[in-house]
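Colleague: Got a predicted structure here, sequence first:
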Amino acid sequence: MLYIPNPDKPGEINTIRSAIASILECRTRGGGWRMGELERRLNIHAEQMAAAADTLDQVLDEHYPPVQQGGVGHDELSGNRLHDYRSA
């Protein structure tokens, strides 16, 4: 089946993936790193990855709004559900 990405999906994930792939190409077969090449690629991709991460953080805040101070947190809700399951 042909993969057609959702146009609302942030493209920043592709920026991060390609930067990571480029950085990982700097590994040697022995498990070390070619430091000169790694430094060059980090200089190229560091700002791109930071900007992409900021954009993704904003998108996630829209889908998962920050918890208000004094409100019920995720951990508290999880704990209550866990307690309910155990007492059943």
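Modeller: Sure, I can see it. Just so you know, these numbers come straight off a predicted model, no measurement behind them. Numbering: from 1, shown residues only.
Colleague: Only the buried residues of stretch 38-54, if you could.
Modeller: For stretch 38-54, the neighbour count (16 or more other C-beta atoms under 10 Å) marks 38, 41, 45, 49, 52 as buried. Bear in mind the C-beta positions are built from the backbone N, C-alpha and C, glycine included.
Colleague: Please disregard the earlier target; I meant stretch 18-29.
Modeller: Applying 16+ other C-beta under 10 Å to stretch 18-29 flags 19, 22-23, 26 as buried.
Colleague: Serialize those residues to CSV and add fields for distance to Gln58, secondary structure and pLDDT.
Modeller: Shown next, in CSV, are the buried residues of stretch 18-29 (distance: C-beta to C-beta, whole Å; DSSP: H, G, I helix; E, B strand; the rest coil; pLDDT from 0 to 100):
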residue, distance to Gln58, secondary structure, pLDDT
Ala19, 19, helix, 94
Ser22, 24, helix, 94
Ile23, 24, helix, 94
Cys26, 30, coil, 94
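Colleague: residue contacts, the closest residue to Glu37 other than its chain neighbours?
Modeller: Once flanking residues are discounted, Glu37 sits nearest to Cys26: 4.7 Å by C-beta to C-beta, 6 or more residues apart in numbering. If a contact means C-beta atoms under 8 Å, 6 or more residues apart in numbering, then Cys26 has 33-34, 37-38, 41 as its contacts.
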